[in-house]
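# Here's my sequence, what's the structure:
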Amino acid sequence: MTKKVNMPTHGKTVSGNKKAYDRFLTTERYRKSRIYGRTLEEEADSDRGRVLFSAPFRRLQNRAQVFALESNDAIHSRLTHSIEVSSIGRYVAQQAFKGFSGEESERLGLAGKERPFITFVETACLIHDLGNPPYGHFGEVAISDWFHTKESDLRPHDIAGAAKAHWDELFEDFVHFDGNPQGFRIVSKLQPRKTDDLFGMNLTATTLGAILKYPWSSSCVAGDKKKAGYFCTEGDVVCWLREVMGMNDKCRHPLVYLMEAADDIAYCISDIEDGIEKGIVVPQDFARSMTQKISRIRKHKVPSNAEPDMQSMNRALADLSHPRKDSLICMEDLRGSVVRLLARSAGLAFVRHQKDVLDGSAVPLLHHGQAEGLLRALNDFAEENLYSSTVVRDREITAHAVLAGLLERYCPLMSCDRSRFELALDGRQHDNMGRRITYEKSLLDCVGKKHLAVYRQEVQRSDKKHGTDEGLTQVAERIHRMRMVVDYVSGMTDEFALQTFRLVSGMALSRQRR
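Numbering: from 1, shown residues only. Just a heads-up that it's a prediction; the model follows:
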């Protein structure tokens, strides 16, 4: 079970400590840093470097934003999307920071911290999609759906009482699989400095807090809580994070709001650009639809500083409506004005609603006034004309076939008893009953060394924790083994997942190499 830590409520911390950001912008790391004496700015830069130079970040170049297995290099991948989000995130953070008066900056503990403030937001933006599996959101659904149907096959036999309750809680990590908690797991656990290190990238508490979009685990998903921010297996990291920050279990870190706004701004327009590039969206249809929607938005009072951007949007849409105009150049002009308007709105909302941001009760920054109307208009158009297109839906079919197929082929590794798995892990050819285990061994040979290392360390820790309670140790080991497989499969690129699926399904003799 997740360790419980007694912590002050977020609201009490803010009111008791006027310099709130002294707590939220911190150099604290889960494992003490081996380098001493670095400033907050240097620690923020260190986090950014750890992400940029990591293998999971590089793999985003072959993960879909919307269009999987895309040969057109002009179409966004998760990597190009993440880089664009980070650029917008810097701009949003700049707009927010300069919105505070000198007196407010001093009172909140922000004075002299503009650069690390912006860098932390940028790094959170770089991380925000790190946990997305092959084929993006379709991949998330495929993994979740598979586990919904396989619980009885995967559950250890003859568990009851506390062991069964423990299983039920931890299995929620799989039926509610999502890229957000998987990304948190990657940076906090799956990128070990060495094989006996379970601290992952060992990022600062500030960066970890800034990526925790939903402040609850998978076991709490229900009703209006449709997604989780972290898996139960990372509950100990979140408890430490809350203790360092002085946050309760209902509150989000202030910088999450800025990261979230940057992501919303980036994808609302870039997905439509991709649709135009692929010929799915007709530029003139988009221009007409948006012109009508914006005219309704303008019935509301427009802030004076937003008027130039509104005029720029109207000019870009007018140009886009003419077939002889270069649609991609027009979209660049439109994107610039949309980004400026929404980024400034988000920055203004961050400052204006700072009290709610600090006590965790704020709504997303773009859920206010004109910005909300513009964002909804763009998203509604994409939903009606892009995400429901045949091309995109075909990718959904591929995602389900590939990921469900991979999990099905790796099911023997997840469902066999512990003794058989350990024999396969040791390279043995037969189990204690004399049955051959070469298939499991072949599957195991494909799993990355770091995933095996994390599995071993987690099992060693859980065995020590649960001692002689055979039911709890059995459940914990099975969960960590399933996590190992899901970590491996969800960490694949789109192309590698397809090649591996063909291999384990007998449709290819080896993976193609380029």
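# Domains in the protein, by residue range?
What automatic domain parsing lists as the domains of the chain is 1-61+75-133+177-386, 402-504.
# and among these, the most buried is which?
Of these, the one with the most neighbours on average (mean count of other CB atoms under 10 Å) is domain 1-61+75-133+177-386, at a mean of 19. Backbone N, C-alpha and C define where each C-beta goes, glycine included.
# For residue 365, list the residues it contacts.
Residue 365 sits next to 257-258, 260-261, 345-346, 349-350, 353, 371 when contact means CB atoms under 8 Å, 6 or more residues apart in numbering.
# make it 7 Å
Going by CB atoms under 7 Å, 6 or more residues apart in numbering, residue 365 touches 257, 261, 346, 349-350.
# Tabulate the residues you listed (TSV), appending secondary structure and distance to residue 28.
Output for these, formatted as TSV (DSSP: H, G, I helix; E, B strand; the rest coil; distance: CB to CB, whole Å):
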residue	secondary structure	distance to residue 28
257	helix	21
261	helix	25
346	helix	27
349	helix	28
350	helix	23
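# what's next to stretch 132-149, contact-wise?
Outside stretch 132-149, the residues that touch it by CB under 7 Å, 6+ apart are 63-65, 68, 78, 174-179, 395-396, 398-400, 402-404, 407, 486, 490, 492-494, 497.
# Low-confidence ranges, the stretch 151-300 of the chain, go.
Residue ranges of the stretch 151-300 of the chain with pLDDT under 70: 192-196, 298-300.
# change it to 50
Counting by pLDDT under 50, the stretch 151-300 of the chain contains no low-confidence range.
# what's the answer for the chain, then?
In the chain, residues with pLDDT under 50: 1-17, 513-514.
# Report the central residue of it.
residue 180 (3.2 Å; CA atoms, centre = their mean).
# picking that back up, so for residue 152, which of the domains of the chain sits nearest?
Closest approach to residue 152 among those is made by domain 402-504 (10.1 Å; CB to CB).
# measure the closest one end to end?
This stretch, domain 402-504, spans 11 Å end to end (CA to CA, to the nearest Å).
# Okay, and which of the contacts of stretch 132-149 map to helices?
78, 174-175, 179, 395-396, 398-400, 402-404, 407, 486, 490, 494, 497 (DSSP state H).
# Name the SS class of the residue of the chain positioned farthest from its centre, please.
Most distant residue from the mean C-alpha position of the chain: residue 434, 44.0 Å away (CA atoms, centre = their mean). Here residue 434 is coil, with the state taken from DSSP: H, G, I helix; E, B strand; the rest coil.
# Distance of it relative to residue 146?
Distance, residue 434 to residue 146, by CB to CB, to the nearest Å: 31 Å.
# Break down the stretch 301-450 of the chain into its helices, ranges please.
307-320, 327-352, 354-359, 369-385, 390-415, 418-425, 438-446, 449-466 (DSSP state H, counting those that start in this stretch).
# Out of these, flag the one nearest residue 198.
Judging the helices of the stretch 301-450 of the chain by CB to CB, what sits closest to residue 198 is helix 449-466, at 5.3 Å.
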